[in-house]
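In: whatever this is, show me its structure:
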Amino acid sequence: MPQDFVRHRSNMLQDGPKSFWAKIDFGLLIPILCLCIYGLYILYSASGQNSALVIKQGIRLALGFFVIAVVIQIPQSLWLRYSFIVYSIGLLLLMAVLLFGTDAKGAQRWIVIPGVARFQPSEIMKLAIPLYLAATFNKYRLPPRFSILFFGACVSLIPAILIGRQPDLGTALLIAYSGFVTLIMAGLPWLYLLSLIILSIPSAFIMWNYFMHDYQKTRVMTLLDPTTDPLGSGWNSIQSQAAIGSGGIDGKGWLQGTQSQLDFLPESHTDFIIAVIAEEQGFKGVLLLFFIYFIICARGLMIAWNAKDTFGRLLAGTLTLTFFIYIFVNVGMVSGILPVVGVPLPLVSYGGSSVVSLMAAFGFIMSIHAQHYR
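Out: Below you'll find the predicted structure:
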C-alpha cells in the first residue's frame, strides 16, 4: 500500500501543475464556490453577526477545497483497491463511538482527538458505503445476482444500525438511503423493490415500538399538528414556517429578519438556516439557492452518465443523488412536510465534519470526470 502512494506521488510530480488544473471540473467547482460564498453571506446574519463563527466556517470550507484537490489527484485504481479498508475503518470508528464517544445533547456521536478536533465517524460512512458498493458491483456483470444484492444491503444496514444506536435516526436513514440508491443504480429488480416497500410497513411498526426514542416519536407526531405543543416540540416548526411566510417575494433584507435576529428561530445558523434565507432574501433568495443546487446536481449526474465504467457511474450517481436528498430532507423538515431530524443544509449550514465529507464527495465526482483526461 505505501509503495502505491509513493508511485502515485512521483507521477503527480511528473505531470506538473498543468495536469492538476486539467483534472478539475470547473463546471462543478464554480457553482460549489458560489454556494459556499452565498452560505457565508447568509451565515453572518443567521449567526447574529458573529464574525468569528463565519471565519471558522470559512476555514473549514478552505479545508474542504484542499480535500477536493487531494482526492482528485488519487487515481481510481487506488480507490477500487482500498475501498474495503476505508469501509472497515469507518465501521471500527462507529463501534468506537458507542464505546468511547463524547456525549452532547443526549446523543453520543462524536470522537474527540484531544487538542485537535472532534468529528463524527458517520460522515466517513457517507462516503465509504457508496465507494465500497461501487467497487464491489464493478467486479460483476449488471444486474448483479441476488446474493450480491443481499451483501450490498448488509453493507448499508450494519452502519445504519450502529448510527441509529447513537442515537441519530436521521443520519442512519440517510446512510441506508445512500446504499439503497447504489443498489437501484446497479439494477435492483422491480420485484425486489416492491418487496422492500411491502416489508417496510411492518418494519416501521417494529421501529416505532421497539427502537425509536420518545423524543423521536414526538417529532413525528408534531409533524401532523405542531400546535399541539407550540412552546415545546412544535416550536421549531412553527417559527420556521413563520419566518418562511413572512419573507414574501423580496424578503425583509439582509440582517433585517425578525425571527432570526430576535432569536425566535432556533438553530438558525445550522439546521434552520434556509428559513433565514426565506425571511431575509425572500422567495427570490430561495430560488437562487435552488438554482445553484440544481446546477451542482445536474453536473454531477452528467459526470455519472459519461463515466467510463460501472464504478464511476455508480459512485458519481450515488453521491450526487445523496447530496440531493440531504437538500430535500432539510428543506422538507424546515417547511413542515417532514419530521425534524437534524439534517443540515449542505455547504450552507454551519458545520465541520459534514463540510469536509461533502467536499470529499465532490472530489470523488471530479476524479471520475478526470478519467477522461487520463
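In: residue 329 contacts residue 339, correct?
Out: No. Taking contacts as Cβ atoms under 8 Å, residue 329 lies outside contact range of residue 339: 9.6 Å. Bear in mind the C-beta positions are built from the backbone N, C-alpha and C, glycine included.
In: so what's in contact with those two at the same time?
Out: Counting by Cβ atoms under 8 Å, 6 or more residues apart in numbering, residue 329 and residue 339 have no common neighbour.
In: okay, now the unreliable bits of the stretch 201-350 of the chain?
Out: 208-213, 215-216, 219, 221-233 (pLDDT under 70).
In: my bad, the stretch 1-150 of the chain
Out: 1-20, 101, 103-108, 113-117.
In: where exactly do the helices run in it?
Out: In the stretch 1-150 of the chain, the helices defined using DSSP state H, counting those that start in this stretch lie at 2-23, 26-46, 51-71, 76-100, 121-137, 146-164.
In: redo those helices as a markdown table? Include distance to residue 246 and mean neighbour count.
Out: Converted to a markdown table, the helices of the stretch 1-150 of the chain look like this (distance: least, Cβ to Cβ, whole Å; neighbours: other Cβ atoms under 10 Å):
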| stretch | distance to residue 246 | mean neighbour count |
| --- | --- | --- |
| helix 2-23 | 45 | 11 |
| helix 26-46 | 15 | 19 |
| helix 51-71 | 24 | 16 |
| helix 76-100 | 40 | 16 |
| helix 121-137 | 34 | 26 |
| helix 146-164 | 36 | 18 |
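In: format those as JSON lines; extra columns: distance to residue 240.
Out: As requested, these are exported to JSON lines (distance: least, Cβ to Cβ, whole Å):
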{"stretch": "helix 2-23", "distance to residue 240": "41"}
{"stretch": "helix 26-46", "distance to residue 240": "12"}
{"stretch": "helix 51-71", "distance to residue 240": "20"}
{"stretch": "helix 76-100", "distance to residue 240": "29"}
{"stretch": "helix 121-137", "distance to residue 240": "24"}
{"stretch": "helix 146-164", "distance to residue 240": "25"}
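In: and these: which comes nearest residue 300?
Out: helix 26-46 (6.8 Å; Cβ to Cβ).
In: now for the closest one, which elements pack on it?
Out: helix 51-71, helix 258-261, helix 273-306, helix 353-370 (3 or more Cβ pairs under 8 Å, 6 or more residues apart in numbering; DSSP states H and E).
In: could I get those helices in a markdown table, plus columns for distance to residue 214?
Out: Putting the helices and strands packed on helix 26-46 into a markdown table (distance: least, Cβ to Cβ, whole Å) gives the following:
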| stretch | distance to residue 214 |
| --- | --- |
| helix 51-71 | 32 |
| helix 258-261 | 28 |
| helix 273-306 | 26 |
| helix 353-370 | 26 |
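In: buried deepest among those, which one?
Out: Mean neighbour count, computed with mean count of other Cβ atoms under 10 Å, is highest for helix 353-370 among these, reaching a mean of 24.
In: tell me which element residue 176 falls in.
Out: According to DSSP states H and E, residue 176 maps onto helix 169-186.
In: contacts made by that helix with the rest, please.
Out: Contacts for helix 169-186 (Cβ under 8 Å, 6+ apart): 122, 125-126, 129-130, 133-134, 137, 142-144, 149, 152-153, 155-157, 159-161, 163-164, 193, 212, 216, 310, 313-314, 317-318, 321-322, 325-326, 329, 341-343.
In: what's the angle from that helix to helix 273-306?
Out: Put simply, helix 169-186 runs at 20 degrees to helix 273-306, going by axes from the mean of the first three to the mean of the last three Cα atoms, to 10 degrees.
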